[in-house]
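Undergrad: Fold the following and give me the result.
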Amino acid sequence: MRFSAALVLLAAALPAFAQPPALRKSPEFTLTDANGKESLLSSYRGKVVVIGFVYTTCPHCQVFSAVLEKLYKELGPRGFEPIDIAWNDNAKVLIGNFAQQFGVTFPIFYSTYDPIMSYMQFSIMDRPVVPLVVVIDRKGMIRAQSPAGGNGDLQDETKLRALIETLLKEPATSARK
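TA: Residues are numbered from 1 along each chain as shown. Below is the predicted model of the structure:
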């Protein structure tokens, strides 16, 4: 009987361990463009950033990037900055064509599996579904992110827009007393 109760408690606790916490300081991440030039994610502090970890060949990622482009044109002047980070095979050589083909004017970088899994705080047992989405506020705090198994909420234009607009209303720094 005790064993069964322990299993029930463990099963109830597993989802808490399986999901990385959304509200946390964004770890540093090195952004590398198609020319090999590196910059840091922290250089975007003060803006509301949405990262799309994408495959250039993924139809869902292509649609998501088009949504980000639309939001960028509308909300960019208010401090919104989308970033795509491609991580499929040959992403370095594919991102230029991807940007041109899908009319992406915001920054596109490339990376590899391990740094992305570490950034997202996923386990090696996770099998991520793309696009993975991360929303970072002006203070550099991750306010929302996709679970490894995917979730359409952050890919939904209406829901994503509402979240971005809410974050754009927040100050970049906290008031000091």
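Undergrad: Could you list the buried residues of stretch 65-81?
TA: Ser65, Val67, Leu68, Glu69, Leu71, Tyr72, Leu75, Gly79, Phe80, Glu81 (16 or more other Cβ atoms under 10 Å). The way it works is simple: take the backbone N, C-alpha and C, and place the C-beta from them, glycine included.
Undergrad: So for it, mean pLDDT?
TA: Mean pLDDT, stretch 65-81: 98.
Undergrad: Could you tell me how far it lies from the centre of the chain?
TA: Taking Cα atoms, centre = their mean, to the nearest Å, the mean C-alpha location of stretch 65-81 is offset from the chain mean by 14 Å.
Undergrad: got a list of what Met46 touches?
TA: Careful, residue 46 is Gly and not Met. Gly79, Arg138, Ala172 (Cβ atoms under 8 Å, 6 or more residues apart in numbering).
Undergrad: who does the residue sitting nearest the centre point of the chain bridge with?
TA: For the chain, the residue sitting closest to the mean C-alpha position, by Cα atoms, centre = their mean, is Val134 at 2.5 Å. Applying DSSP bridges to Val134 yields these beta-bridge partners: Ile51, Gln145.
Undergrad: distance of it from Tyr110?
TA: With the distance defined as Cβ to Cβ, to the nearest Å, Val134 ends up 16 Å from Tyr110.
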